[in-house]
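Q: Everything below, folded, please.
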Amino acid sequence: MNSDFSRFDGVKRSPVLIGRIVESISRNVSTSASREAVRRDVNGSGGAMAESTLADYIDAMETIFLIENLPPGTPTCVPERG
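A: Numbering: from 1, shown residues only. Now for the predicted structure:
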């Protein structure tokens with residue numbers, strides 16, 4: 001996975017951090033978790049990842065389509081109950 005990131009922009013990133021960010025985002029699927037909530041989750045009790053670092057990792061993941069932030073949607077039809 002790390003080679004995909006460095007191939008697109010030449011920046012080496014931590015595979016451990018990539019995994020922790022993906023895990024946090026996965027735990028927060030279908031929620032309105034902010035980047036700050038993800039950052040706190042990834043940091044846990046022993047880390048201090050900067051907001052800019054998280055933003056860089058998320059931008060890189062979106063660029064290679066590992067993650068995709070979808071806009072909220074409204075269903076066009078609601079099934080009838082009965």
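
Q: What ranges in the chain fall below the confidence cut-off?
A: For the chain, the stretches flagged by pLDDT under 70 are 1-4, 45-46, 72-82.

Q: Just give me the residue closest to the centre of it.
A: In the chain, the residue lying closest to the centroid (CA atoms, centre = their mean) is residue 25, at 4.7 Å.

Q: What separation is there between it and residue 35?
A: Look at residue 25 and residue 35: by CB to CB, to the nearest Å, they are 10 Å apart. Any C-beta I mention is one placed from the backbone N, CA and C, and that applies to glycine too.

Q: picking that back up, for the residue nearest to the centre of the chain, give me its contacts.
A: Listed by CB atoms under 8 Å, 6 or more residues apart in numbering, the contact partners of residue 25 are 38, 67.

Q: Please, which helix or strand holds it?
A: helix 15-27 (DSSP states H and E).

Q: For the following helix or strand past that helix, C-alpha coordinates in CSV please.
A: Per DSSP H and E, helix 15-27 leads on to helix 35-43 as the next helix or strand towards the C-terminus. Extracted in CSV, the C-alpha atoms of helix 35-43 (Å, rounded to 0.1, in the frame of the first residue of the first chain):
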residue,chain,number,x,y,z
ARG,A,35,-11.4,15.2,10.8
GLU,A,36,-10.6,16.2,14.4
ALA,A,37,-12.5,13.2,15.7
VAL,A,38,-10.5,10.9,13.3
ARG,A,39,-7.3,12.6,14.4
ARG,A,40,-8.1,12.0,18.1
ASP,A,41,-9.0,8.4,17.4
VAL,A,42,-5.7,7.8,15.5
ASN,A,43,-3.6,9.6,18.1
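
Q: Now helix 35-43: buried residues?
A: 38, 39, 41, 42 (16 or more other CB atoms under 10 Å).

Q: so can I have CSV of those showing distance to residue 59?
A: CSV is the format used below for the buried residues of helix 35-43 (distance: CB to CB, whole Å):
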residue, distance to residue 59
38, 13
39, 14
41, 18
42, 15
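
Q: Out of those, give me the two with the largest separation.
A: 39 and 41 (7.2 Å; CB to CB).
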